[in-house]
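Novice: turn this into a structure:
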Amino acid sequence: MALYLGVMSGTSLDGLDIALIEQREQPALLATHYIPMPADLRQGLLSLCASGPDEIARAALAENRWASLAAEGIGHLLASQGLAPSAIRAIGSHGQTIRHEPARGFTVQIGNPALLAELTQISVIGDFRRRDVAAGGQGAPLVPAFHETLFSHLGQRLAVLNVGGFSNLSLIANDTPVHGFDCGPGNVLLDAWIEFKRGQHYDADGAWAASGEVIEALLAALLSDPFFAGAGPKSTGREVFNLAWLQGHLSKLPPYRDQDVQATLLELTARSIIDSLRNAQPGTEALLVCGGGARNGALMRRLAQLLPGAQVASTAAHGVDPDWVEAMAFAWLAHCCLEGIPANRPSVTAARGLRVLGAIYPA
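Specialist: All right, here's what the predicted structure looks like:
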């Protein structure tokens with residue numbers, strides 16, 4: 001059986017997740033490695049999410065550093081497993097999204113896969129999203145096909161929820177093709193607010209949010225954004241939901257306690273997810289959660305309250321570590337590319353048809 005590595009760096013910009021999988025009938029996770037994102041690189045990547053001076057050169061330098069960081073992590077993982085680079089068939093590298101505007105016909109992930117192949121001496125598959133966008137699709141989310149591979153055997157009417165910087169749903173039922181879409185902000189606003197007010201990168205277990213009370217007027221204003229009214233296929237990013245967007249809404253309201261704003265942002269994440277799920281797949285029997293949001297106890301409790309009668313649990317309940325699902329997905333996408341297997345789903349992205357995703361950078 002072939003071995004693949006997946007490298008995922010999400011919109012939260014907390015670090016790089018690296019997963020080693022063995023490609024079987026169902027992909028099996030063998031080992032993992034995590035590298036925290038250096039503070040200056042994180043800030044540099046964040047600055048590239050909006051136009052600025054000398055951004056072409058800054059992006060090129062940032063992606064070289066990102067590739068070097070990924071190569072360092074891959075080296076550590078291989079050493080820990082006693083594996084040579086030649087044992088790995090390919091690396092699936094998502095890269096770092098800095099712009100995502102499919103309505104304008106583009107999405108940009110940087111990460112210099114050519115340099116990553118050079119540094120690791122392993123073939124790299126990168127640039128997964130642009131072929132779907134070229135075919136008229138959203139380019140995101142790409143994980144529903146992988147979620148279907150992992151969980152369709154459960155035979156339930158289920159949803160798989162990934163909560164990273166943004167949240168997305170994969171809807172899996174025996175009588176329909178898998179479909180899914182971005183729901184809206186996951187952790188991105190929660191992280192931005194606590195960093196702005198308390199200098200912390202995230203709200204551990206949702207404790208700060210749990211200490212506050214939901215501001216109904218603010219919640220209503222946030223949910224009035226046109227993104228939430230649209231049905232899937234749809235995707236979003238920092239271009240829409242960011243600290244400035246939140247502050248624009250706050251400026252129209254009386255002052256509130258900081259923890260109440262945090263509580264409202266957690267409610268926004270939970271409500272946008274469950275409202276989307278109810279509209280798109282009534283009668284869902286189970287909601288399986290992965291990504292960083294699965295570690296947020298306050299969010300998990302609120303999701304369960306909003307979806308009574310359904311099982312709400314981490315993907316760990318079915319043997320898949322929630323922290324590593326996306327990195328595993330990009331390892332699997334590399335396998336699909338090399339085998340010529342289409343890995344997008346038009347029912348998810350609205351692309352004109354099935355497409356083989358990714359560009360190959362040989363070792």
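Novice: and the residue nearest the centre of this structure?
Specialist: Centroid-nearest residue in the chain: G164, 5.0 Å away (criterion: C-alpha atoms, centre = their mean).
Novice: distance of that one relative to R42?
Specialist: 15 Å (C-beta to C-beta, to the nearest Å). The way it works is simple: take the backbone N, C-alpha and C, and place the C-beta from them, glycine included.
Novice: try P322
Specialist: Applying C-beta to C-beta, the value for P322 to R42 is 22 Å.
Novice: look at those two and report which has more neighbours.
Specialist: P322 (22 against 17; other C-beta atoms under 10 Å).
Novice: so the more buried one makes contact with S314?
Specialist: Yes - counting by C-beta atoms under 8 Å, S314 is a contact partner of P322 at 4.8 Å.
Novice: which neighbours do those two have in common?
Specialist: Common neighbours of P322 and S314 are listed as V289, C290, A294 (criterion: C-beta atoms under 8 Å, 6 or more residues apart in numbering).
Novice: quick check: bridge partners of the first one?
Specialist: Okay, so that is V289. L161, S314 (DSSP bridges).
Novice: which ones are touching it?
Specialist: Contacts of V289 (C-beta under 8 Å, 6+ apart): V160, L161, N162, V163, M300, L303, V312, A313, S314, T315, P322.
Novice: of those residues, which is the nearest to P85?
Specialist: Minimum distance to P85 across the contacts of V289 is 28.6 Å, recorded for P322 (C-beta to C-beta).
Novice: for the closest one, what are phi and psi?
Specialist: phi -60, psi -20 (degrees, to the nearest 10).
Novice: next: G164.
Specialist: Main-chain torsions, G164, degrees, to the nearest 10: phi -110, psi -130.
Novice: cool, and C49?
Specialist: phi -80, psi 0.
Novice: helix or strand for the residue lying closest to it once chain neighbours are set aside, just tell me which one.
Specialist: Distances taken as C-beta to C-beta, 6 or more residues apart in numbering put R238 closest to C49, at 4.8 Å, once the chain neighbours are dropped. Under the criterion of DSSP states H and E, R238 resides outside all helices and strands.
Novice: my guess is R238 meets V188, correct?
Specialist: Yes - between R238 and V188 there is a contact at 6.7 Å, judged by C-beta under 8 Å.
Novice: who has more neighbours, these two?
Specialist: V188 (27 against 22).
Novice: who's in contact with the closest residue to the more buried one other than its chain neighbours?
Specialist: In this structure, V188 finds its nearest non-sequential neighbour in G165, 4.2 Å apart by C-beta to C-beta, 6+ apart. Each residue near G165 by C-beta under 8 Å, 6+ apart is listed here: G10, T11, S12, L13, P185, G186, N187, V188, D191, R238.
Novice: can I get those residues in a markdown table including distance to P282?
Specialist: Compiled in a markdown table, the contacts of G165 are given as follows (distance: C-beta to C-beta, whole Å):
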| residue | distance to P282 |
| --- | --- |
| G10 | 29 |
| T11 | 29 |
| S12 | 31 |
| L13 | 35 |
| P185 | 24 |
| G186 | 23 |
| N187 | 27 |
| V188 | 28 |
| D191 | 32 |
| R238 | 31 |
